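*Asks:* From the sequence below, what's the structure:
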Amino acid sequence: MSRRAGYEESWDLTYLVEQLRELIGRDLELHPELAEELEDTLDSLVLRNQRLRGLQRMVNAEREPDDLAVLRGALENMDRELMDRLPMLLERLRAAMQ
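*Replies:* Okay, here's the model as predicted:
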């Protein structure tokens, strides 16, 4: 995968998240706490994507293993956090849409 493709994919994800934010904000009347949780999760998804792209750039630049390990660890922690949060968030969003 070229760096250009990675950048375009990152921009595309950010754009899609912004569209989702707009759609949810306009069409759904969510409880403020749920709306905030959703917003935080969308921010985390964009940040995760940026970290992943950063890791790919570091690998391509043949950075030091310690530098890669730190970024990989941060990415893995973020993945665990998202995997903990997303199922409950999805359940709450489904309930709010009924």
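
*Asks:* Please count neighbours and contacts with C-alpha atoms only from this point.
*Replies:* Will do.

*Asks:* Tell me, please, where in the protein the pLDDT is lower than the cut-off.
*Replies:* 1-10 (pLDDT under 70).

*Asks:* where exactly do the helices run in it?
*Replies:* Applying DSSP state H to the chain gives helices spanning 3-27, 32-60, 65-97.

*Asks:* and the ones you listed, which is most packed in?
*Replies:* Ranked by mean neighbour count, these are led by helix 32-60 with a mean of 16 (mean count of other C-alpha atoms under 10 Å).

*Asks:* tilt between that one and helix 65-97?
*Replies:* Angle, helix 32-60 to helix 65-97, by axes from the mean of the first three to the mean of the last three C-alpha atoms, to 10 degrees: 150 degrees.

*Asks:* Which neighbouring elements make contact with helix 32-60?
*Replies:* Applying 3 or more C-alpha pairs under 8 Å, 6 or more residues apart in numbering; DSSP states H and E, we find helix 32-60 packed against helix 3-27, helix 65-97.

*Asks:* can you tell which of those is closest to Met58?
*Replies:* With C-alpha to C-alpha, the closest approach to Met58 among the helices and strands packed on helix 32-60 belongs to helix 65-97: 6.9 Å.

*Asks:* Tell me the helices and strands packed up against that closest one.
*Replies:* Helices and strands touching helix 65-97, by 3+ C-alpha pairs under 8 Å, 6+ apart, are helix 32-60.

*Asks:* gap between the helix it packs on and the chain center?
*Replies:* Relative to its chain's centre, helix 32-60 lies at 3 Å (C-alpha atoms, centre = their mean, to the nearest Å).

*Asks:* likewise stretch 80-98?
*Replies:* On C-alpha atoms, centre = their mean, the centre of stretch 80-98 falls 14 Å from that of its chain.
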